[in-house]
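# can't give you the sequence, but here's the structure:
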């Protein structure tokens, strides 16, 4: 499913009047692509996730998934956030099957459970099926949250800084988990992040947004290697790419001031 | 071991409390019309044991029925106020005003509206006094639900009702039980207000009143202790229910 964002502008109503966050933003994400969106804080990145998932409608312009205009939420979309928002009263497996309870009401519990278990094995948490979220570490919770966003086999996965609150090593573990999930479950993915290394390592396309109101500032392909490895991040090729991106962020921040 | 401790420790503190009380009365050499001591209570209790059984039961069932109804009223109002900002800002002044009125002054009004219907009068007072904490906690719990919780289901096309019973309601249960504990103790105040102020000859409140009229101070104290015991009993029933329905929120 390819995603097209066409001349989208969006503004919020605040006490101080209208606050424009996106202005004439156009970008396209190819089918099965992995696109990272970076930009200065508060430039409207999260607004893009809410627009693509159909939770809000743009003030101007349109968004298309497979040439179909989005007007309401779609069950073919999965979402994960910085806060894993697990339901504390449900154990791990019941947390993961939550989307199926909405999308596939006719599915039996055993089917739902086996779908969820497949994903749990992929992220290496199959022993924690019956644990409550309060018994898991931050990284484990985020793994469960990723499983939940994928259990209904969405064609588009939207990640809003899911690894931002994790420590550096857990983060790198989760990046590899993400690579694995992408390989097994091939979906189109949009990742919002503040971490340029994360963007370069996970995505095949990185988009830099300008300061608020945000529009497209820079767009780069990051296919520096067929199978990316963590050690690649320290190669000169990637360092150069990171330097360019860092520079672009600075330009975007200056516009904000 | 933990289970035994949960029983032994409160029992131990109760015994110490009674000993200190006995010691206080003995040391000051107070007569029992000034303050009855724990050792005076048992004879008073035994003398009127039939009345305690009959009246105690009357007070108890009316309190429980009133409490159940106040949960229903508090829940429904709380849900309405939690989901609609208009209803919330519209109802709050009325509810706060209502709650600020001393319930003792409402008793004669209610008693005049429903003359002679003692059970109903008592239950109405219980509802009026206990629904407020439940209503407030539910409405706050629902209206402060984080946006991400809604988003994970809304983005799949779920409706408001599904979000309510799959996420909002279970997430609010710990707050609900906290409020229910407060309401449980308030409910006994409601029952006894009606029983003491409107003398219609029923319930422990009436027994307390008889003790006052006949200057039987140990009897009055015995009634108070019975009420305290019933309050503790009902409180632990709520704790038991909390463990079943919201046990996930209790730190082990």
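Done, it's in. In this text, all values refer to a predicted model and were calculated from it rather than measured experimentally. Numbers count the residues shown, from 1 in each chain, chains lettered A, B, ... in the order given.

# when you work out contacts or count neighbours from here on, use the C-alpha atoms and nothing else.
Noted.

# which residues does residue B:239 contact?
Going by C-alpha atoms under 8 Å, 6 or more residues apart in numbering or on different chains, residue B:239 touches no other residue.

# any idea which element it lies in?
Following DSSP states H and E, the helix or strand that holds residue B:239 is helix B:217-246.

# is residue A:78 in a helix, a strand, or coil?
With DSSP: H, G, I helix; E, B strand; the rest coil as the basis, residue A:78 sits in strand.

# let me fix that: residue A:149
Going by three-state DSSP: residue A:149 is helix.

# the helix or strand harbouring residue A:141 - what's its average pLDDT?
Using DSSP H and E, residue A:141 maps to helix A:138-150. Helix A:138-150 shows a mean pLDDT of 91.

# got it, and stretch B:75-90?
Across stretch B:75-90, the average pLDDT comes to 90.

# start to end distance for it?
Start and end residues of stretch B:75-90 are separated by 17 Å (C-alpha to C-alpha, to the nearest Å).

# number of nearby residues for the one residue in the stretch 101-250 of chain A that gets nearest to chain B?
Taking C-alpha to the nearest C-alpha, chain B has its nearest neighbour within the stretch 101-250 of chain A at residue A:102, 6.2 Å off. Neighbour count of residue A:102, defined by other C-alpha atoms under 10 Å in any protein chain shown: 19.

# helix, strand or coil for the closest residue to it other than its chain neighbours?
Distances taken as C-alpha to C-alpha, 6 or more residues apart in numbering or on different chains put residue B:158 closest to residue A:102, at 6.2 Å, once the chain neighbours are dropped. Following three-state DSSP, residue B:158 is assigned to coil.

# dihedrals phi and psi, residue B:158?
phi -70, psi 150 (degrees, to the nearest 10).

# quick check: it vs residue A:55, distance?
Distance of residue B:158 to residue A:55, given as C-alpha to C-alpha: 11 Å.

# mind checking pLDDT for residue 94?
Since you didn't name a chain, this refers to chain A. Looking at residue A:94, the pLDDT reads 92.

# that's the other chain; I wanted chain B
As predicted, residue B:94 sits at a pLDDT of 90.

# could you find the residue in chain A that comes nearest to chain B?
residue A:75 (4.4 Å).

# tally of neighbours for the spatially closest residue to residue B:192 that is not a sequence neighbour?
The shortest distance from residue B:192 to any non-neighbouring residue, by C-alpha to C-alpha, 6+ apart, is to residue B:205 (5.0 Å). Around residue B:205 there are 28 other residues, counting by other C-alpha under 10 Å.

# quick check: which element contains residue B:205?
If you go by DSSP H and E, residue B:205 is part of helix B:203-213.

# tell me what that helix is packed against?
For helix B:203-213, the packing partners by 3 or more C-alpha pairs under 8 Å, 6 or more residues apart in numbering or on different chains; DSSP states H and E come out as helix B:49-83, helix B:169-197, helix B:217-246.

# pick the most buried one from those helices.
helix B:169-197 (a mean of 21; mean count of other C-alpha atoms under 10 Å in any protein chain shown).

# what angle sits between that helix and helix B:217-246?
Comparing the axes of helix B:169-197 and helix B:217-246 via axes from the mean of the first three to the mean of the last three C-alpha atoms, to 10 degrees yields an angle of 170 degrees.

# so for helix B:169-197, mean pLDDT?
Per-residue scores along helix B:169-197 average to 91.

# now do it and helix B:49-83, the angle between them.
Helix B:169-197 and helix B:49-83 are oriented at 140 degrees to each other (the same axes, to 10 degrees).

# by contact count, what packs against helix B:169-197?
The helices and strands touching helix B:169-197, judged by 3+ C-alpha pairs under 8 Å, 6+ apart, are helix B:49-83, helix B:103-113, helix B:118-143, helix B:203-213, helix B:217-246.

# can you name the residues that contact the residue positioned nearest the centre of chain B?
Nearest to the mean C-alpha position of chain B, counting by C-alpha atoms, centre = their mean, stands residue B:184 at 1.8 Å. By C-alpha under 8 Å, 6+ apart, the contact set of residue B:184 is B:67, B:130, B:231, B:234, B:235.

# so which of the residues you listed comes closest to residue A:142?
Taking C-alpha to C-alpha as the measure, residue A:142 sits nearest to residue B:235 out of the contacts of residue B:184, at 37.9 Å.

# can you pull the pLDDT of that closest one?
On the pLDDT scale, residue B:235 is placed at 92.

# look up how far chain A lies from it.
23 Å (C-alpha to the nearest C-alpha, to the nearest Å).

# can you verify my assumption that that residue contacts residue B:181?
Yes: contact criterion C-alpha atoms under 8 Å: residue B:235 and residue B:181 qualify, at 6.2 Å.

# output the below-cut-off pLDDT ranges for the stretch 1-150 of chain B.
For the stretch 1-150 of chain B, applying pLDDT under 70 flags the ranges B:1-3.

# tell me which residue of it lies closest to chain A.
residue B:149 (6.2 Å).

# what sits against that residue?
By C-alpha under 8 Å, 6+ apart, residue B:149 lies in contact with A:85, B:167.

# which SSE is it in?
Applying DSSP H and E as the criterion places residue B:149 in helix B:147-154.

# could you give the angle of that helix to helix A:138-150?
Using the same axes, to 10 degrees, helix B:147-154 lies at 30 degrees relative to helix A:138-150.

# you'd agree the residue of chain A closest to chain B is in a helix?
No: counting by three-state DSSP, residue A:75 is not found in a helix; it is coil.

# can you give me the neighbour number for the nearest residue to it once chain neighbours are set aside?
Nearest residue to residue A:75 in three dimensions, chain neighbours excluded: residue B:156, at 4.4 Å (C-alpha to C-alpha, 6+ apart). Other residues near residue B:156 number 25, with proximity taken as other C-alpha under 10 Å.

# how far away is residue B:156 from residue B:70?
In terms of C-alpha to C-alpha, residue B:156 sits 36 Å off from residue B:70.

# contact residues of chain A facing chain B?
A:53-55, A:72-81, A:83, A:85, A:87-89, A:99, A:102-103, A:132 (C-alpha under 8 Å from any C-alpha of the partner chain).

# hmm, residue A:57 is touching residue A:47, no?
No: between residue A:57 and residue A:47 there is no contact under C-alpha under 8 Å: 10.1 Å.

# and residue 76, what is it in contact with?
Just going to use chain A. Here residue A:76 is in contact with A:152, A:153, A:154, A:155, A:156, B:156 (C-alpha under 8 Å, 6+ apart).

# think we crossed wires, I meant chain B
Counting by C-alpha under 8 Å, 6+ apart, the residues that residue B:76 touches are residue B:135.

# so how far is residue A:153 from the residue of the stretch 151-252 of chain B found nearest chain A?
Per C-alpha to the nearest C-alpha, residue B:156 is where the stretch 151-252 of chain B lies closest to chain A, at 4.4 Å. Using C-alpha to C-alpha, residue B:156 is found at 12 Å from residue A:153.

# what do you get for residue B:144?
Per C-alpha to C-alpha, residue B:144 is found 31 Å from residue A:153.

# ditto for residue B:152
Separation of residue B:152 from residue A:153 (C-alpha to C-alpha) stands at 15 Å.

# between these two, which one's more packed in?
Taking other C-alpha under 10 Å, residue B:152 and residue A:153 do not tie; residue B:152 has more neighbours (22 against 18).

# for that one, which non-adjacent residue is closest in space?
Going by C-alpha to C-alpha, 6+ apart, residue B:152 has residue A:79 as its nearest residue, at 6.5 Å.

# could you report the pLDDT at residue 201?
As the question left the chain open, I've gone with chain A. Reported pLDDT for residue A:201: 87.

# my question was about chain B, not that one.
You'll see residue B:201 listed with a pLDDT of 68.

# over to the one 5 residues further on?
Model confidence at residue B:206, expressed as pLDDT, equals 87.

# now do it: how many residues are near it, please.
Residues within reach of residue B:206, counting by other C-alpha under 10 Å, total 22.
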